[in-house]
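S.K.: one predicted model, sequence on top.
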Amino acid sequence: MESLAERERGTAADVMQLNVLAGAVAAGVIALLAATTTSADDAGALYERHCASCHGAARLGGMGPALLPENLGRLKPEAAVDVILNGRAATQMPAFASLLDRDQAGALAALIYTPLDAVPAWGMDEILASHRVLADQPPLDGPTYDADPMNLFIVVELGDHHATVLDGDRMTPVHRFKTHFALHGGPKYSSNGRFVYFASRDGWVSKFDLWNLATVAEVRAGINTRNLAVSADDRYVMVANYLPHTLALLDARDLSPIAVIPIAGDGGETSRASAVYVAPPRESFIVALKDIPEIWEIQYRDDPLPVYNGIMHDYRLQEGIARAGGRFPVRRIRLDDYLDDFFFSPDYSLVMGAARNAKTGQVVQMDVGRKIADLALDGMPHLGSGITFEHAGRQVLATPNLRNGEVSIIDMDTFETIERIETLGPGFFMRSHENSPYAWVDVFFGKDRDAVHVIDKQSLEIVRTLRPAPGKTAGHVEFDRYGRYALLSIWDMDGAVVVYDAATLEEVKRLPMVKPSGKYNVYNKITGSEGTSH
Ligand code: DHE
């Protein structure tokens, strides 16, 4: 185990590294300011015209992330100029080269690295003040309407910020309701499938009753939020924020806040959260940090275990948690690299992670709390959308890649990449089902973004390429509970959910929707189907 002296040396080195980084960023901003002839006022006007609608008038985030120096630590100012001019792969950030010259982009970059006079506080008081209970949760045995509660889908319609409840037997919409602005990440279900929890990019968390068709509570847990996870015992919701650098722990019954956990490293440096997930067999939440190379594990059981497999781990009672009676200790796992995105082995003992800018991925064994293998994953694997299935007698992980036109197939025992399936372009989402011989992957980017590949899970060959709406982005598949149908989104204001027969691959039905993004089947989610995300 690492000695205290070693740890202190590591801490001092980390702080020095951060200081060097801060110095380099400051030097980069000064260089940009010196190089640009666009005035600060003009930069402000450019920001208002081109950036404010997505990133917020006050740079606090909206559809796009908050643009503040404290959130840009991993992006050099010169790289920010490049992003402004050429766009950012795998995000909604478009290229502005046809509207802005390099000088204007430099001025905008200098603006976003300038600290705000004050970043608004969003702690316990603000969260409490935003909390609202909106409807009762009457005792019910099932839905108040005629549908199989296990085969319902939630479809998020990003175009006009609504969600549709879909009957997965009849493939007909049951109800449509307004959501908060820009939901992101998968909604999460309670263990019986009755309640669904949503997070929006601007920090709102809401709880919806699928049986009674009513939003029961909502709360603003952050200013700029990544995603949320719900404990397997239905007691807690954990929210991961980009701004402020916190995790917010909520009571799942009514979303009232329990604790605000600051995300801070040894030297007091703070970090955004990349994402939070629940690990049911471990009775814990697992959080990847974006700006500090650590994974945190936070147990939610009533009697947290300080020891796993005989190993005493590096725990800390963060401020905020201490206020929650010393429960929810944070276990810190130190890594060589950041994790932006990760995937769990089916028993949650392994975390397979990747950083957006890394050359390789890493496999972390959660019991021993350290990296045990590297993954040969270049480009930008989208592990959060990975799936597992059995191929030739072994369990494999299949993941799309946000930068390269390929799907990687990785042996879950040896962690070797056994196949790279070439696709027509980088993809975002991948799906399958236990009852289907096929895995579906979209081609979300580039000239073939209207195409979706269907891959045979045994031959690992693309057996069909579908183009349901030529010229329009097609993406994100989800199966119904039986694996009979595969539902695909046409990401357009005049879009649709296209229902395919999962065996014949023929179109069965087309349901008009407003830029539908993800869809989430109750049964597949609550049973942890290997073909879907969790
Ligand atoms: Fe997502 C899930 C991160 C951009 C649509 N996205 C997730 C998750 C993470 C993530 C960590 C898993 C959270 C969960 O389900 O609890 N997404 C990121 C990024 O880092 C990235 C690349 C940059 C960013 O802007 O944050 C990014 N994502 C996008 C988009 O541009 C998409 C296409 C449109 C949008 O909504 O902004 C998009 N992400 C989604 C969707 C899911 C998602 C639909 C849920 C997938 C699922 O099936 O579970």
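M.R.: That came in fine, so what should we check first? Numbers count the residues shown, from 1 in each chain.
S.K.: contact partners for residue 502?
M.R.: Residue 502 makes contact with 433, 435, 436, 438, 479, 483, 484, 485, 486, according to Cβ atoms under 8 Å, 6 or more residues apart in numbering. For glycine as for every other residue, the C-beta is placed from the backbone atoms N, C-alpha and C.
S.K.: repeat for residue 301
M.R.: Taking Cβ under 8 Å, 6+ apart, one finds 283, 284 in contact with residue 301.
S.K.: is stretch 237-253 up against the ligand anywhere?
M.R.: No: legend: contact between stretch 237-253 and the ligand by Cβ under 6 Å from any ligand atom is lacking; minimum distance shown is 8.4 Å.
S.K.: next, the buried residues of that stretch.
M.R.: Of the residues in stretch 237-253, 237-250, 252-253 count as buried by neighbour count, 16 or more other Cβ atoms under 10 Å.
S.K.: straight-line length of it, end to end?
M.R.: 9 Å (Cα to Cα, to the nearest Å).
S.K.: centre of the chain to that stretch, how far?
M.R.: Relative to the centre of its chain, stretch 237-253 is centred 14 Å away, using Cα atoms, centre = their mean, to the nearest Å.
S.K.: state the mean pLDDT of that stretch.
M.R.: Model confidence over stretch 237-253, given as mean pLDDT, is 95.
S.K.: buried ones among the contacts of residue 502?
M.R.: Neighbour-count burial (16+ other Cβ under 10 Å) applied to the contacts of residue 502 gives 433, 436, 438, 479, 483, 484, 485, 486.
S.K.: list the contacts of residue 276.
M.R.: 226, 227, 228, 229, 238, 239, 240, 247, 285, 286, 287.
S.K.: please apply the same query to residue 343.
M.R.: 351, 352, 353, 383, 384, 386, 397, 399.
S.K.: the ligand: which of those is nearest?
M.R.: Nearest to the ligand among the contacts of residue 343 is residue 384, at 4.4 Å by Cβ to the nearest ligand atom.
S.K.: domain ranges for the chain?
M.R.: 4-112, 381-534 (automatic domain parsing).
S.K.: deepest-packed of the ones you listed, please.
M.R.: Ranked by mean neighbour count, the domains of the chain are led by domain 381-534 with a mean of 20 (mean count of other Cβ atoms under 10 Å).
S.K.: counting by contacts, list what the helix or strand encompassing residue 259 packs against.
M.R.: Residue 259 is located in strand 257-262, with elements delineated by DSSP states H and E. With contacts defined as 3 or more Cβ pairs under 8 Å, 6 or more residues apart in numbering; DSSP states H and E, strand 257-262 has these neighbours: helix 124-130, strand 246-251.
S.K.: so which of the contacts of residue 502 belong to strands?
M.R.: Those of those mapping onto strands are 438, 479, 485, 486, per DSSP state E.
S.K.: and the domains of the chain: which comes nearest residue 137?
M.R.: domain 381-534 (17.2 Å; Cβ to Cβ).
S.K.: how about the nearest residue to the most centrally placed residue in the chain, chain neighbours excluded?
M.R.: The geometric centre of the chain, computed from its C-alpha atoms, lies nearest to residue 185 (Cα atoms, centre = their mean), at 4.9 Å. Spatial nearest neighbour of residue 185, excluding adjacent residues (Cβ to Cβ, 6 or more residues apart in numbering): residue 227 at 3.4 Å.
S.K.: the helix or strand encompassing that neighbour close to the ligand?
M.R.: Under the criterion of DSSP H and E, residue 227 resides in strand 224-230. Yes: applying Cβ under 6 Å from any ligand atom, one finds strand 224-230 touching the ligand at residue 227.
S.K.: which elements pack onto the next helix or strand after that strand?
M.R.: Reading on from strand 224-230 to the C-terminus, the next helix or strand found by DSSP H and E is strand 236-243. When contacts are defined as 3+ Cβ pairs under 8 Å, 6+ apart, strand 236-243 packs onto strand 224-230, strand 246-251, strand 273-279, strand 284-289.
S.K.: how much does the last one deviate in direction from strand 224-230?
M.R.: An angle of 160 degrees separates the directions of strand 284-289 and strand 224-230 when computed by axes from the mean of the first three to the mean of the last three Cα atoms, to 10 degrees.
S.K.: so what touches the helix or strand just after strand 284-289?
M.R.: Per DSSP H and E, the first helix or strand lying C-terminal to strand 284-289 is strand 294-299. By Cβ under 8 Å, 6+ apart, the residues outside strand 294-299 that reach it are 238, 247, 261, 263, 265, 279, 282-289, 305, 328-335, 339, 351, 353, 364, 366.
S.K.: same check on stretch 414-425?
M.R.: Residues contacting stretch 414-425 (Cβ under 8 Å, 6+ apart): 352, 363, 373-377, 396, 400, 405-411, 441, 443-449, 451, 453, 455, 460-462, 465.
S.K.: which residues touch residue 478?
M.R.: Neighbours of residue 478 in contact, by Cβ under 8 Å, 6+ apart: 153, 431, 486, 487, 518, 519, 520, 521, 524, 532.
S.K.: reformat those as a markdown table; add distance to the ligand and pLDDT.
M.R.: Below are the contacts of residue 478 laid out as a markdown table (distance: Cβ to the nearest ligand atom, whole Å; pLDDT from 0 to 100):
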| residue | distance to the ligand | pLDDT |
| --- | --- | --- |
| 153 | 12 | 98 |
| 431 | 8 | 96 |
| 486 | 13 | 98 |
| 487 | 11 | 98 |
| 518 | 3 | 96 |
| 519 | 8 | 97 |
| 520 | 7 | 97 |
| 521 | 10 | 98 |
| 524 | 10 | 96 |
| 532 | 7 | 83 |
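S.K.: of these, closest to residue 206?
M.R.: Taking these together and measuring to residue 206 by Cβ to Cβ, the closest member is residue 520, at 14.8 Å.
S.K.: what's across from the closest one in the sheet?
M.R.: The bridge-partner assignment for residue 520, based on DSSP bridges, gives residue 154.
S.K.: for the buried ones among the contacts of residue 502, which one is nearest the ligand?
M.R.: Closest to the ligand, out of all of these and judged by Cβ to the nearest ligand atom, is residue 479, at 11.6 Å.
S.K.: ok, for the closest one, nearest residue in space, not its chain neighbours?
M.R.: Here the residue nearest residue 479, using Cβ to Cβ, 6+ apart, is residue 433, at 4.0 Å.
S.K.: how about the strands in the stretch 251-400 of the chain?
M.R.: For the stretch 251-400 of the chain, the strands defined by DSSP state E, counting those that start in this stretch cover 257-262, 273-279, 284-289, 294-299, 307-308, 311-312, 315-316, 330-334, 341-344, 350-354, 361-365, 370-375, 387-391, 394-399.
S.K.: which among those is found nearest to the ligand?
M.R.: Nearest of the strands of the stretch 251-400 of the chain (Cβ to the nearest ligand atom): strand 273-279, 3.7 Å.
S.K.: that closest one vs the ligand: in contact?
M.R.: Yes: judged by Cβ under 6 Å from any ligand atom, strand 273-279 comes into contact with the ligand at residue 275.
S.K.: now that strand: average pLDDT?
M.R.: Mean pLDDT, computed over strand 273-279, is 94.
S.K.: same check on stretch 259-268?
M.R.: On average, stretch 259-268 scores 89.
S.K.: picking up where we left off before, before we move on, what SS does the residue nearest to the centre of the chain have?
M.R.: Secondary structure assignment for residue 185 (DSSP: H, G, I helix; E, B strand; the rest coil): coil.
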